[in-house]
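I'd like to go over a predicted model; first the sequence, then the structure.
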Amino acid sequence: QSVLTQPPSVSAAPGQKVTISCSGSSFNIGNNYVSWYQQLPGTAPKLLIYDNNKRPSGIPDRFFGSKSGTSVTLGITGLQTGDEADYYCGTWDSSLSLWVFGGGTKLTVL
Amino acid sequence: EVQLVESGGGFIKPGGSLRLSCTASGSGFTFSNAWMTWVRQAPGKGLEWVGRIKSKSIGGTTDYAAPVKGRFTISRDDSKNTQYLQMNSLKSEDTALYYCTVHLGEFSLDPWGQGTLVTVSS
């Protein structure tokens, strides 16, 4: 059971928009910045969003993040088949004094 | 660009020990200032944070996830741009791909190595 809760899977058609939620508590999301990671099949995770809504260099603006209270959301617009991957949210939990990840969400582009 | 390369993975029997290494290279990266981290991923499962070591300038302290506390030890050799994960009393549930990564600021992890596979089985 992950400290951060994500839906196991989401799907949408090419060109459409999809959102992935991640919920936590005041000990983690509520009072700390959140980051998102993309893991393409057979590869290592890659930082996609940091500090809730910032994109590292090279990440297209089709990917965006937002935060409200103890939840964060990753959005992807203009879906491409190459976006099919597992997506994880993560942050520090100040109560547990450790890093926590969501359980991951598998994105399928139909 | 920073590159992280893990090594040391392999097949080990339950109760055994293994030491993983992660060496960083690349311009513009000062290893001694970096907070280094280990994350693992069991086959077909999600990401699980293992632990981290802060820079020596702020004490070089370590934090560990509950499942590995007391069995795993993270250390670093800044002269070699390398961090280590000493794993003792290994269990079958420690079987995973172990990734090395860096705390970018306090709330993100970047970049990531390609991982080294540890298989614990009799």
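Cool, the structure landed.

residues from chain B in reach of chain A?
Residues of chain B lying close to chain A (Cβ under 8 Å from any Cβ of the partner chain) are B:37, B:39, B:46-49, B:52, B:63-66, B:99, B:101, B:104-115. Every residue, glycine included, has its C-beta placed from N, CA and C.

From those, list the buried ones, please.
B:37, B:39, B:46-49, B:52, B:63-65, B:99, B:101, B:104, B:107-113, B:115 (16 or more other Cβ atoms under 10 Å in any protein chain shown).

Tell me the gap between the longest strand seen in chain A and the middle of its chain.
Longest strand of chain A, by residue count under DSSP state E: strand A:85-93. Remark: strand A:85-93 is offset 5 Å from the chain centroid, using Cα atoms, centre = their mean, to the nearest Å.

Adjacent strands (with direction) for that strand?
strand A:35-39 (antiparallel), strand A:98-101 (antiparallel), strand A:105-109 (antiparallel) (DSSP bridges).

quick one: is stretch A:10-23 near chain B?
No - taking Cβ under 8 Å from any Cβ as the criterion, stretch A:10-23 and chain B are apart, separated by no less than 12.4 Å.

So residue A:23 sits against residue A:29, correct?
Yes - between residue A:23 and residue A:29 a contact is recorded at 7.2 Å, counting by Cβ atoms under 8 Å.

of those two, who's got more company?
When neighbours are counted by other Cβ atoms under 10 Å in any protein chain shown, residue A:23 and residue A:29 differ, and residue A:29 comes out ahead with 26 against 16.

Can you list phi and psi of the nearest residue to the more buried one once chain neighbours are set aside for me?
Ranked by Cβ to Cβ, 6 or more residues apart in numbering or on different chains and with sequence neighbours excluded, the top spatial neighbour of residue A:29 is residue A:70, at 4.9 Å. With angles defined as degrees, to the nearest 10, residue A:70 sits at phi -100, psi 20.

what's the neighbour count on residue A:70?
16.

ok, and the closest non-adjacent residue to the residue positioned nearest the centre of chain B?
Chain B has residue B:38 as the residue nearest its centroid, 3.0 Å off, counting by Cα atoms, centre = their mean. Leaving aside its chain neighbours, residue B:38 sits nearest to residue B:50 (4.0 Å; criterion: Cβ to Cβ, 6+ apart).

now residue B:29
residue B:2 (4.4 Å).

and if you look at residue B:46?
residue A:104 (4.1 Å).

for the one you found, what are its contacts?
A:6, A:8, A:39, A:86-88, B:46-47 (Cβ atoms under 8 Å, 6 or more residues apart in numbering or on different chains).

how about a cut-off of 7 Å?
The contact partners of residue A:104, by Cβ atoms under 7 Å, 6 or more residues apart in numbering or on different chains, come to A:6, A:86-88, B:46-47.

what's the closest of the residues you listed to residue A:33?
Using Cβ to Cβ, residue A:88 comes nearest to residue A:33 of the contacts of residue A:104, at 15.0 Å.

Mind listing the residues bridging to the closest one?
According to DSSP bridges, beta-bridge pairing links residue A:88 with residue A:37.

Show the contacting residues for it.
Neighbouring residues of residue A:88 by Cβ under 7 Å, 6+ apart: A:37, A:39, A:45, A:101-102, A:104, B:46-47.

Skipping its backbone neighbours, what lies nearest the spatially most distant residue from the centre of chain A in space?
Distance from the centre of chain A peaks at residue A:95, with 21.5 Å (Cα atoms, centre = their mean). Nearest non-adjacent residue to residue A:95, counting by Cβ to Cβ, 6+ apart: residue A:27, 3.8 Å away.
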